[in-house]
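In: 3D, please:
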Amino acid sequence: MFIRKRRAPLPEWVIPLCYAVAAVPAGMIMPRLEHRFGTLTLSVSVSVALTILSSITSGMIALTGIVFSLAFVMVQFSAVAYSPRLVSWISRDPIIWHSIGVFTATFLYAIADMAWIDRAGSGRVPFFSTWIVIILMLASVGMFIALIQRLALLQISRMLTFTGNLGRQVIEQMYPAIEAPASVPCVDEFAKLPITQILVHSGGPQALQALDISALLALAMQIGGRVEVLVSVGDTLISGMPLLRVFGGNQLVKDATWKQALQCGPDRTFDQDPKYALRLLVDIAIKALSPAINDPTTAVQALDQIQDHLLRLGRRRLEIGAVRDSEGVVRLVVPYPTWDDFLRLAFDEIRFCGATSVQVMRRMRALISDLLTALEKERRPALEHHRERLNATIARTFADEEEKLEALVEDRQGLGVSREGRQPAQEANR
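Out: Predicted structure coming up:
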């Protein structure tokens, strides 16, 4: 499977800049053409037209200030209530930046249009240019309404669904069905060959955001060698850290060429990183379980999304680290998270932080039980291990026998509809 490196996104400030760059020449050219060749004028007085345009111009300044205020509220609320790692995704919402762009374009075009009203004492009000201002104003109102609606994203259920959807997209794109043959890395075969090149990171710390698998494979075939990538997507790269090793290459490749296949940036992204969505869901859960917030219901809702992720991952072939050329020779080895890695990330911190919450313990037991029922045999030993650790946590935390039995009950809602016919005490001894 070939995963191409995504293009580096343009900075968000480019969006309103494009609106401004388009509005200025349009405001200079359109009224001029109307003044020279046009014959249509609006049937309003010059003073009324100037009043309308000046009101629109001043209103756009206030509206832009409101947009910045709403954006600030969205960013701050998401950082405090959910996870600071969600701030970058909320702040990149295109609705925010397109709103600022439309407001800016309306403001600039209205100013340019005002300069051509009653030009040279003609008493004329440009017809098309003035209507363009009105249309831009209506578009601004629409963008403002859309921005207000985006505030609904801050609801916990929508925030969890938003994060979960991003993770589900990555899982669908990266991993084939479990029926597909495993592509297990063959590093031992590489060890028989001499190391001909090592690429190290230089510069400040950066997150590895994506790998261009096709480019790395092409380079490995070009030099007739094997390439082992030593870092995984999501790692923070530190100066001097080895990034990849080349075995048995017949020529050296410039470091800059190798680095073009490794996309780095200041933050982790969801592209090629299914762990990141789980990381954010776990962050939301453990923050909700902190003594300052003490909201186990939010942790239970996060576990709903985590269960869906694990169910999808469990039905996928996760062993995709060995990339072969057209002749079946392993040319590239890339580290990807294993099933155990996903389970540790999903369970360990929530189990530790929610150890005293009966609601969280019951939900986690139901989650593991559902996965044991739904997934194939090869996924079950790791799940059994985590169920034993969960039972041990419950036994250690709850001294009262009755509370211990209540915590051992499986309940998808935490404290909702318990599953009848269970024998928690017997299951705890498994």
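In: now stretch 52-59: buried residues?
Out: Going by neighbour count (16 or more other Cβ atoms under 10 Å), the buried part of stretch 52-59 is 52, 53, 56, 57, 59. Yep, even glycine has a C-beta here, placed from its N, CA and C like the rest.
In: run through who's touching that stretch.
Out: 44, 106, 107, 110, 111, 113, 114, 117, 130, 133, 137 (Cβ atoms under 8 Å, 6 or more residues apart in numbering).
In: distance of residue 272 from residue 232?
Out: Counting by Cβ to Cβ, to the nearest Å, the gap from residue 272 to residue 232 is 9 Å.
In: name the residue in these two with the higher neighbour count.
Out: Using other Cβ atoms under 10 Å as the criterion, residue 272 and residue 232 rank with residue 272 on top: 25 against 17.
In: contact partners for that one?
Out: 3, 170, 174, 209, 210, 211, 233.
In: got a winner among these for most neighbours?
Out: Of all the contacts of residue 272, residue 233 has the most neighbours under the rule other Cβ under 10 Å, reaching 26 neighbours.
In: so what's residue 50 up against?
Out: With contacts taken as Cβ under 8 Å, 6+ apart, residue 50 has the following neighbours: 114, 117.
In: over to residue 257?
Out: By Cβ under 8 Å, 6+ apart, the contact set of residue 257 is residue 219.
In: okay, and it sits in which element?
Out: Secondary-structure element containing residue 257, defined by DSSP states H and E: helix 255-259.
In: just checking, what packs against the helix or strand that that helix is followed by?
Out: Under the assignment DSSP H and E, the closest C-terminal helix or strand after helix 255-259 is strand 262-265. Applying 3 or more Cβ pairs under 8 Å, 6 or more residues apart in numbering; DSSP states H and E, one finds that strand 262-265 contacts strand 206-211.
In: tell me which other helices or strands the strand it packs on touches.
Out: Based on contacts counted as 3+ Cβ pairs under 8 Å, 6+ apart, the elements that strand 206-211 packs against are strand 236-237, strand 262-265.
In: roughly how far does the nearest residue to residue 130 once chain neighbours are set aside sit from residue 53?
Out: Nearest residue to residue 130 in three dimensions, chain neighbours excluded: residue 42, at 5.5 Å (Cβ to Cβ, 6 or more residues apart in numbering). Distance from residue 42 to residue 53, counting by Cβ to Cβ: 11 Å.
In: same check, this time on residue 64
Out: In this structure, residue 64 and residue 53 are 17 Å apart, going by Cβ to Cβ.
In: then residue 236?
Out: Distance from residue 236 to residue 53, counting by Cβ to Cβ: 52 Å.
In: kindly report the same for residue 354.
Out: Using Cβ to Cβ, which is the criterion applied here, residue 354 is 59 Å from residue 53.
In: check residue 166 too.
Out: As defined by Cβ to Cβ, residue 166 lies at a distance of 43 Å from residue 53.
In: and if you look at residue 66?
Out: Here the distance between residue 66 and residue 53 works out to 20 Å (Cβ to Cβ).
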